[in-house]
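Trainee: Starting from these lines, generate the structure:
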Amino acid sequence: MYQLGYEWKYAHEWPTLTTEGFQAQLLATKRGDPPTSRAPLNVISRPCARSCEARESAPVNALVFTNDVFGYHIGDLHFTELKIRESQLH
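Mentor: Residues are numbered from 1 along each chain as shown. This is a model prediction of the structure:
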């Protein structure tokens, strides 16, 4: 995300407990934008049983969005393995 010109942070210190499970919210802003500007990318994690899983899920969802929607190829070996495992689940 940083290499694309974005900085990110969690919206809240702890993930939110929903009826589905814990969910974390990740806000990505363009580097150099004022702190009061609206985040152009707002990513929500998948519902998770544990709060730590939700915090890990949100950045992964941001990377998947960047890879699939923006068309930016992420060549990291571990990310490629993750995408292969995800495709085998569906």
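
Trainee: now Thr16, nearest residue through space, not along the chain?
Mentor: The shortest distance from Thr16 to any non-neighbouring residue, by Cβ to Cβ, 6 or more residues apart in numbering, is to Gln23 (5.5 Å). Glycine gets a C-beta too; all of them are placed from N, C-alpha and C.

Trainee: In contact with that neighbour, which residues are there?
Mentor: Each residue near Gln23 by Cβ atoms under 8 Å, 6 or more residues apart in numbering is listed here: Pro15, Thr16, Ile44, Ser45, Arg46, Pro47, Cys48, Ala54.

Trainee: Check these for burial and list the buried ones.
Mentor: Buried members of those, scored by 16 or more other Cβ atoms under 10 Å, are Pro15, Ile44, Ser45, Pro47, Cys48, Ala54.

Trainee: Verify the contact between the fifth one and Phe22 for me.
Mentor: Yes. Under the criterion of Cβ atoms under 8 Å, Cys48 is in contact with Phe22, at a separation of 5.0 Å.

Trainee: Overlap of the contact sets of the two?
Mentor: Joint contacts of Cys48 and Phe22 (Cβ under 8 Å, 6+ apart) are Pro15, Ala54.

Trainee: thinking again about what came up before, for the buried ones among the contacts of Gln23, which one is nearest Leu82?
Mentor: Nearest to Leu82 among these, counting by Cβ to Cβ, is Ser45 at 14.5 Å.

Trainee: ranges for the helices of this protein?
Mentor: Here the chain has its helices, by DSSP state H, at 51-68, 77-89.

Trainee: re earlier: among the buried ones among the contacts of Gln23, show me the least confident.
Mentor: When the buried ones among the contacts of Gln23 are compared by pLDDT, Ile44 scores lowest at 78.
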